[in-house]
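# next one to model:
(2 chains, ligands or ions: 3)
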2 protein chains.
Amino acid sequence: MPHESSPIGLHTTMFIPAIAGQGSDKQRRKWLPLCESYRIVGTYAQTEVGHGTFVRGLETTATYDPQTEQFIINSPTLTSTKWWPGNLGKTTNHAVVLAQLYTGGKCHGIHAFIVQHRDMETHQPLPGVEVGDIGPKFGYEAVDNGFLRYHNVRIPRDNMLMRYSEVTKDGRYIRKANEKLTYGTMVFVRSAIVSTAAKNLGEACTIAIRYSAVRRQSEMKPGEPEPQVLDYQTQQHKLFPLLATSYAYWFAGRSMRETYLDIQGQIMAGDFKRLPELHALSAGLKAMSTWATNEGIETCRLSCGGHGYSHASGLPKIYVDATPACTYEGENTVMMLQTARYLMKACGQAAQGNELPGFVAYLNQKGVDRCMIGDDLSLVSLVSAYQHRARRLIGKAALQMKAHMERGQPQEVAWNLASVQLVHCAKAHVQCYVLKNFVDSIEQYGHHEDVARVLTQLCQLFAVDGILNNAGDFLQGGFMSYDQLDNMTAKLLDLLAAIRPNAVALVDAFDFSDHLLQSVLGRYDGNVYENMLEWAKSSPLNDTQVHDSYYQYMQPFLKEMHKSKL
Amino acid sequence: MPHESSPIGLHTTMFIPAIAGQGSDKQRRKWLPLCESYRIVGTYAQTEVGHGTFVRGLETTATYDPQTEQFIINSPTLTSTKWWPGNLGKTTNHAVVLAQLYTGGKCHGIHAFIVQHRDMETHQPLPGVEVGDIGPKFGYEAVDNGFLRYHNVRIPRDNMLMRYSEVTKDGRYIRKANEKLTYGTMVFVRSAIVSTAAKNLGEACTIAIRYSAVRRQSEMKPGEPEPQVLDYQTQQHKLFPLLATSYAYWFAGRSMRETYLDIQGQIMAGDFKRLPELHALSAGLKAMSTWATNEGIETCRLSCGGHGYSHASGLPKIYVDATPACTYEGENTVMMLQTARYLMKACGQAAQGNELPGFVAYLNQKGVDRCMIGDDLSLVSLVSAYQHRARRLIGKAALQMKAHMERGQPQEVAWNLASVQLVHCAKAHVQCYVLKNFVDSIEQYGHHEDVARVLTQLCQLFAVDGILNNAGDFLQGGFMSYDQLDNMTAKLLDLLAAIRPNAVALVDAFDFSDHLLQSVLGRYDGNVYENMLEWAKSSPLNDTQVHDSYYQYMQPFLKEMHKSKL
Ligand SMILES: Cc1cc2nc3c(=O)[nH]c(=O)nc-3n(C[C@H](O)[C@H](O)[C@H](O)COP(=O)(O)OP(=O)(O)OC[C@H]3O[C@@H](n4cnc5c(N)ncnc54)[C@H](O)[C@@H]3O)c2cc1C
Ligand SMILES: Cc1cc2nc3c(=O)[nH]c(=O)nc-3n(C[C@H](O)[C@H](O)[C@H](O)COP(=O)(O)OP(=O)(O)OC[C@H]3O[C@@H](n4cnc5c(N)ncnc54)[C@H](O)[C@@H]3O)c2cc1C
Ligand SMILES: [Ca+2]
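Ligands and ions are numbered 1, 2, ... in the order given. This next block holds a predicted model:
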C-alpha cells in the first residue's frame, strides 16, 4: 500500500515486507540489514502495463541458466513492461520483481526476485534496463511511479526469494511450504487498508462537519439570521451516515486485525481452518470500505459548496490520496468476486448440512421469517434483518449459477452470467458483518453510558440508512412490511436530529490535528474566513500585483484581439 | 458557467451576457462594443467568501450619492470579500458586481453594477481595490478564480445595469420590468449545463468503453486467452447504464432548450404561463444531470483499473472540470429543493381540482394501481411506473409537510423537517421527466429501425436500472410485485448482453475526436500500450536518466539515513 507521505514509501511498505515474508532465513540475514540501513532502496514490481489483476498472466520471465547459476530477467513484449511501482521511476535502485519462473524448459508460474536496476554509485540505469517515470497522475505527485523494461538482465540464483520454493544450483525446482501462509499477510495488509479508509473518511467528515457548523447560508425562518448549514436536514443526511460509516469500518478494520493476530499462532502451526473465511471476508471488506470512502469524501467535499473545490479545504488532496485504494492491492470488483466465491462454497456446504465457521455461521441458521424491527430499532433486530437479506441473496446467486449450468453453460460462463448478483450478495454479506461487528464493538468499548448511547445511535443510523438504500432487498418476499419501511424513513430523520447536537464532538473525538488535516475549512478553532484570505494571499500568484504572464501572454493577446476586431 | 478552455472564459460566458441581459438599450450600445473588441475584459462577481447560495444575503453595498451622481461600492466586512469569480484574480479589469443597492437610506436589494478594478494602462489594481488569486484548486488550474475587496470605490450612476430597475439622478428608485424575464435566461443556461454534463459523461464512457474493449484481463475459461474486460458482466454493469444516462440527459438538455425557444415568444410578450413549470424542472434537471455525471465519470475512471488514475487516461481532467457544475449556477441540493417547492404548489393545485400544465400534468391523473411492466418492457409501462412513483412520493412529501404543520410547526420548520423527502420526490419527478422525454425522443429521432432498436434498449436499461436502484419506491404499497422485481434483475442482465455488441459503436457515435478526449486509453485506433510508453517517456521527469532531485535530495538523504543506522 503506497503512502504518499514518504519519498521512499514503497521501500518500507512493500520491498522490505516482501523480502521478510518470502525470503529464506539466509536471505533475510543478507538483505534486510542492507535495506534497513538504506544501502539499497527498493520497490515492489508486480503490475505490468498490460497486466494487473491477473497475476498469473504476467509476462516478465526469469529463466534459470545452470551454466552460470543465474536467472535471466526479461520483458519479452511491450505489454510486459513493469508499470506503476511506486518510486520505481527515479528513486530506487532495486525491486522485488514478479516473473514467470522457467527452469529446464518448464514454467513454474509466478515467483519473486530481487533485481537491481540502477548503479549504486552513479544511479544510472544498468545495462539492459530501461526505466523511467510513468508521467503525471490524478494525485501522488510526490511519488515517482515508474516503468521498467528488462532486456535479458542477469541476476545471481540467490536473488530468487526462496522461502516457499527453491531452484537448486543444477536447476531443479522444489516447492517447500504451503502458500496459504501468504494469505495471512494479505489479511493483515487489507485490515490496514480498511482502517486507513475509515481514517480518510473520518478526516473528510471532520472537515465537512466542522465547516458546516461555521458556514451560515440561506434563510430558515424569514427575518432571522442565516442558520448553520448543519441545521439543514439535507446537510445532516449527507454527512451523518458517512460519519457512522467511518466508525463502522474503523471497528471492522480493528476486529479483522485482532482476529488475524488471534489465529496467527494456529496459522504458523499449519492450522489453516479459519484462514479461508477470514481471507474471503478481508477481500470484500477492503473493497466495501474503500468504495464507501471514495464516494464519501466527494460527498463531504461537495457539501462544503464552492470552497470544497479549493485546496484550502484539504478535501481534494484527501480524495486523490485515498482513491487508488479502490484499485491497488486487489481491484475492488475482483475482490468482491473473491468473497462471493467463498460464499458460494460455504452455501454449498451449508446445503449439505455442514456446519459453517465464525463469520458465515449465520448461513446455517434459518432466521426469522418476518422482519422484527420495531420502534426501538433494537440492534438484534437490525442484525437479524441484515442476516436475512444476505442469506437470501447468497442463496439466490447460488441458484442462479445452478440454473445457468443446468441450461448447459460451463461453470466459468455461469459464473460470469451471475456475477452482478454475486457481487450484490457479497456486498450484503460484508455489510452484515460490519453491522454485527459494530454492535459487538459497542458492547466491548461502550462502557461509558453516554458513549454507548451515541455509538448506538450511529450504529442504528448505519443500519437504517443501509436498509433505505437497499429497500428492495428487505421488502422482497414480504420480509419487511410496507409500514416498517415507512417507519425506517421516520427513524432516519429522528436519528439525524438526535445526532446533530453531538456531531461536532463526534468528529473532534477522532482527534485529527490541524497539521494532519491541512484544511482551512476544517480548522479546530473555526476561524475559517480570515484564514481563507491569508491562505489565498500566500499563493505564489499573488507575489506580484500584476503577474508576469499578463505582460507575456495576456497583453499581446488582447491587443491582437482588439486589432482583429477593428 | 466557467470554461477552463479559454483564459478569459468568464468574459464571454458571463460578463457579456449579464450586460446584454440586464443592461438598458443605451447601456448595451455603450458597453457591448467595448467588450466585444476586448477594450475591456470582465468577469461576473456574485459569490462572496461568506455568501454563495443565498444571494439575498450578500453583503457588498452600492450606496448612491446624489451629490456626485455616483455609487459607492464597498465591502463592509471580511466575509463580504468577493470570492471565486473566474479570471478575477489576475486577468480581468472589469466585473459585473452584485451588491445591495442603497439610496435615500433605504435598501432595495441586490442589483448589478459594472465596476472597474484594474488600471487600463498599467493593469495595477485601482485605489481602494484589493484583488488577487484565491489559490490552488482541485482543477481549473488555468483559471485565476479571484478575490476582491472594495474600500468605498466610486463608479458613475450609469454603471448600474438598468434594464429592470433604475436609480434616477436625484436618487429615486424605479422598478421597470417583470423580473420573471430573467428566469428565461436561467432556463437557457441550465439547459446548457445539462447538455454539457451529458457530453462530459459521454466522453468518460467513450474512454472507458473503448479501453475495456482493448484491455484483456484475467481468465474467463481456463486455458483460453484473457478476455476483453468488456465481456465481464460486472464491467458492463458499471458502464452501460452510464452510457444510457448520457443519452438520456443529452435528449433532456436538448428538449429543455427547444421548449424554452418555443415559448420564448410568449415570455417576451409577457405571458409567463409555462415559465414556472419549465424553470422548476430546469433546476432539478441541472442537479440530477451533474450529479449523475459526477459519479459516472469516477465510475468510468475506476473501471479502467490503475491506468484510470494516470493523466494518460484523460479521466481525472474530465472529472475536475466537470465536478464544479454540481455547485455553481445553483448548488444541487438547493436546486432540488427549488423543484420540490414547485411540486408542492402543483400538488396543492391538483388537490383543489385544478388542471396542471405540461410536465406535471401526470399529477392530475390517477394512473394504474398495479405496475404493468411485463416481459416486453414496453416503454409505456415503464413511464407509467415512474409516474406512479413520483406521484406517490410527491403526495407523501406534501402530507409530511402538512403533518408537521398540524403539529404546530411553522411552515419553514416543517419544510426543513421534510426536506430529505422533498429532495427525494423531486428526484422521482426529474427521473420521470427524463425517461418520458427519452421515450418521446426515440419516436422523434429513431426513424431508422436499427437506431430505434438500440435506443430503445438504452432507454429500457435506463429505466430498469433506475427501478432496481430505487426498488423500495416501486414495491411500496404493492404497486410492483416481488416477481416483477426479480424479473427486473433478469431483464437488466439481458439488456447488458444485448447492448454489448453495439457498445463501442454507441460511443463512437458521439464522434468525440482524439484531440478532444486527450486520452491515450480512449484512442479511436485502440493502440493503447505503445502510446502509453511514448506518453510516459515524454514526461519532463524523463528528460534525464538521473533526475536533479536525486543529487539534490535523495543522495544526501540516503547518506544521512545510512550514517544514522551505522
Ligand atoms: C497509485 C497507484 C499505485 C500503484 N502502486 C503499485 C506498486 O507499487 N507496485 C505494483 O506492482 N503495482 C502498483 N499499482 C498497480 C495496481 O496494483 C493495479 O493497477 C491493480 O492491481 C489493478 O490492476 P489493473 O490496473 O490491471 O486493473 P484491471 O484488472 O485492468 O481492471 C480494469 C477493469 O477490469 C475489471 N476486471 C479485471 N479482471 C476482472 C475479472 N476477473 N472479473 C471481472 N472484472 C474484472 C476490473 O473490475 C476493472 O473494472 C499501483 C496503482 C496505482 C493506481
Ligand atoms: C470552479 C468554480 C467556479 C466558480 N465561478 C464563479 C464565478 O465566476 N462567479 C461567481 O460569482 N461565483 C463563482 N463560483 C461560486 C459558486 O457560484 C458558489 O460556490 C455556489 O453558488 C454555491 O454557493 P456556496 O459555495 O456558498 O455553497 P453553500 O451554499 O455554502 O453550500 C454549502 C452546503 O450548504 C447547503 N445549503 C445551502 N443552502 C441551503 C438550503 N437553503 N437548504 C439546504 N441546504 C443548503 C448546500 O446544499 C451545501 O451542501 C464558482 C465556484 C466554483 C467551485
Ligand atoms: Ca492536480
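
# give me the buried positions along the helix or strand of chain A with the lowest mean pLDDT.
Lowest mean confidence among the helices and strands of chain A (mean pLDDT, DSSP states H and E): helix A:555-565, at a mean of 81. For helix A:555-565, burial by neighbour count (16 or more other CB atoms under 10 Å in any protein chain shown) applies to residue A:558. The way it works is simple: take the backbone N, C-alpha and C, and place the C-beta from them, glycine included.

# do that helix and chain B meet?
Yes. Contact of helix A:555-565 with chain B (CB under 8 Å from any CB of the partner chain) involves A:555, A:557, A:558, A:561, A:562, A:565.

# give the contact list for the fifth one.
Listed by CB atoms under 8 Å, 6 or more residues apart in numbering or on different chains, the contact partners of residue A:562 are B:37, B:38, B:39.

# what subset of the residues you listed is buried?
For the contacts of residue A:562, buried by 16+ other CB under 10 Å: B:38, B:39.

# just give me how far stretch A:327-337 sits from the chain centre.
Chain-centre distance of stretch A:327-337: 9 Å, with CA atoms, centre = their mean, to the nearest Å.

# oops, could you answer that again for stretch A:66-80 instead?
33 Å.

# who touches that stretch?
In contact with stretch A:66-80 (CB under 8 Å, 6+ apart) are residues A:48-51, A:58-65, A:81-82, A:97, A:99, A:113, A:115, A:148-157, A:159-160, A:167, A:169-171, B:529-530, B:533.

# ok, which of the contacts of residue A:562 also contact chain A?
Among the contacts of residue A:562, the residues lying close to chain A (CB under 8 Å from any CB) are B:37, B:38, B:39.

# how much space between the last one and residue A:559?
Per CB to CB, to the nearest Å, residue B:39 is found 11 Å from residue A:559.

# kindly report the same for the second one.
Taking CB to CB as the measure, residue B:38 falls 8 Å from residue A:559.

# where does the residue in the stretch 151-300 of chain A that ligand 2 sits nearest to land in three-state SS?
At 3.2 Å from ligand 2, residue A:218 is the closest residue in the stretch 151-300 of chain A, using CB to the nearest ligand atom. Under DSSP: H, G, I helix; E, B strand; the rest coil, the three-state class of residue A:218 is coil.

# which residue, other than its chain neighbours, is closest to it?
Using CB to CB, 6 or more residues apart in numbering or on different chains and skipping residues adjacent in sequence, the residue nearest residue A:218 is residue B:54, 4.2 Å away.

# now the one you found: phi and psi?
When read as degrees, to the nearest 10, the backbone of residue B:54 gives phi -90, psi 90.

# neighbours around it, how many?
13 (other CB atoms under 10 Å in any protein chain shown).

# got the contact list for residue A:147?
So residue A:147 contacts A:49, A:81-83, A:88-89, A:130-134, B:533, B:536 (CB under 8 Å, 6+ apart).

# in the helix or strand harbouring it, what counts as buried?
Using DSSP states H and E, the element containing residue A:147 is strand A:146-150. Under the neighbour-count criterion of 16+ other CB under 10 Å, strand A:146-150 has A:146, A:147, A:148, A:149, A:150 buried.

# say whether ligand 1 is contacted by stretch A:69-77.
No. Applying CB under 6 Å from any ligand atom, one finds stretch A:69-77 separated from ligand 1 by no less than 13.9 Å.

# any idea of the mean pLDDT in that stretch?
Mean per-residue pLDDT for stretch A:69-77: 98.

# may I have it exported as PDB, CA atoms only?
Taking C-alpha atoms only, stretch A:69-77 is exported to PDB below (Å, rounded to 0.1, in the frame of the first residue of the first chain):
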ATOM      1  CA  GLU A  69      23.900 -20.200 -11.900                       C
ATOM      2  CA  GLN A  70      22.000 -17.100 -12.900                       C
ATOM      3  CA  PHE A  71      18.400 -16.100 -13.700                       C
ATOM      4  CA  ILE A  72      17.900 -14.100 -16.900                       C
ATOM      5  CA  ILE A  73      15.200 -11.500 -16.300                       C
ATOM      6  CA  ASN A  74      13.400 -10.400 -19.400                       C
ATOM      7  CA  SER A  75      10.500  -8.400 -20.700                       C
ATOM      8  CA  PRO A  76       9.700 -10.200 -23.900                       C
ATOM      9  CA  THR A  77       7.000  -7.800 -25.100                       C
END
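
# buried residues, that stretch. List them.
Neighbour-count burial for stretch A:69-77 [16+ other CB under 10 Å]: A:70, A:71, A:72, A:73, A:74, A:75.

# again with stretch A:223-235
So stretch A:223-235, judged by 16+ other CB under 10 Å, has buried residues A:226, A:227, A:228, A:229, A:230, A:232, A:233, A:234, A:235.

# then stretch A:509-527?
For stretch A:509-527, a neighbour-count test (16+ other CB under 10 Å) marks A:510, A:512, A:517, A:518, A:519, A:520, A:521, A:522, A:523 as buried.

# check stretch A:112-123 too.
Within stretch A:112-123, the residues that count as buried by 16+ other CB under 10 Å are A:112, A:113, A:114, A:115, A:116, A:117, A:118, A:123.

# near chain B, anything from it?
Yes. Using CB under 8 Å from any CB, we find that stretch A:112-123 touches chain B at A:122, A:123.

# pLDDT and distance to ligand 1 added to the contacts of residue A:562, as TSV?
Converted to TSV, these look like this (pLDDT from 0 to 100; distance: CB to the nearest ligand atom, whole Å):
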residue	pLDDT	distance to ligand 1
B:37	92	48
B:38	91	43
B:39	92	48
